[in-house]
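Student: Have a look; sequence and predicted model below, questions after that.
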Amino acid sequence: MKSVIAESERLILRILTLEDSDFILELLNTEGWIKYIGERNVKTTRQAIDYLKNGPLKSYENNGFGLYLVTLKDTGKAIGMCGFIKRDYLDHIDIGFAFLPDYIGKGYAYEIAKETLRYGFDELQKDKVLAICLPSNASSIKLLEKMSFKLNKMILTNDTHEELSLYALNKEDFH
């Protein structure tokens, strides 16, 4: 698997490695991650390494894709994650994204999510991508709608038993 997945004007999307554990530790403990994605009990570097091994790195191996690191092109600073997840209870892959608080509201999520979707449709040959989020997550909903995702239905997750909004985007509706 190539290490750089996609690039945009300001950002690079690349595979995560164990060396990204300090960034993972920081991101997974932000208020936004805990509120909208959920507490993952990653409180040490060792736990961050385990998260990487059992999450993104395992997904690369098993699925050929996963969550990727988003870095600033000019400095290489890690600012977020964006990529695809294959969940047992969904029929298609879903896109996920999260950013450090200082990098929210600057257009980075939209910029890299568009490139991530392009990768999913063109390179991974997917015909549909889903997205799930809490109905209260207004900023994620706004971003999904800006990218032409349509609200499909409400679902109850198997793992957390939360009610989530399920969005869908077909390849032919992506531009």
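Tutor: Right, received. Where do you want to start? Residues are numbered from 1 along each chain as shown.

Student: On the pLDDT front, check the spatially most central residue of the chain for me.
Tutor: Geometric centre of the chain, nearest residue: residue 96, 2.5 Å, by C-alpha atoms, centre = their mean. Predicted confidence (pLDDT) for residue 96: 97.

Student: That one is in what secondary structure piece?
Tutor: strand 94-99 (DSSP states H and E).

Student: got the buried residues for the next helix-or-strand element following that strand?
Tutor: The helix or strand immediately downstream of strand 94-99 is helix 108-122, counting by DSSP H and E. For helix 108-122, a neighbour-count test (16 or more other C-beta atoms under 10 Å) marks 108, 109, 111, 112, 113, 114, 115, 116, 117, 119, 120, 121 as buried. To be clear about C-beta, it is placed using only N, CA and C from the backbone, and glycine gets the same treatment.

Student: same thing with stretch 168-175?
Tutor: 168, 169, 174.

Student: Surely residue 11 touches residue 68?
Tutor: No: assessed by C-beta atoms under 8 Å, residue 11 is found out of contact with residue 68, at 10.7 Å.

Student: Between the two, tell me which one has more neighbours.
Tutor: Between residue 11 and residue 68, residue 68 has the larger neighbour count (other C-beta atoms under 10 Å), namely 26 against 23.

Student: what helix or strand does the more buried one sit in?
Tutor: Going by DSSP H and E, residue 68 is part of strand 67-72.

Student: For this protein, which segments count as strands?
Tutor: Using DSSP state E, the strands found in the chain span residues 4-7, 11-15, 67-72, 78-85, 94-99, 128-133, 150-156, 163-170.

Student: Dump these to a markdown table, plus distance to residue 56.
Tutor: Shown next, in a markdown table, are those (distance: least, C-beta to C-beta, whole Å):
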| stretch | distance to residue 56 |
| --- | --- |
| strand 4-7 | 12 |
| strand 11-15 | 8 |
| strand 67-72 | 5 |
| strand 78-85 | 7 |
| strand 94-99 | 10 |
| strand 128-133 | 17 |
| strand 150-156 | 23 |
| strand 163-170 | 21 |
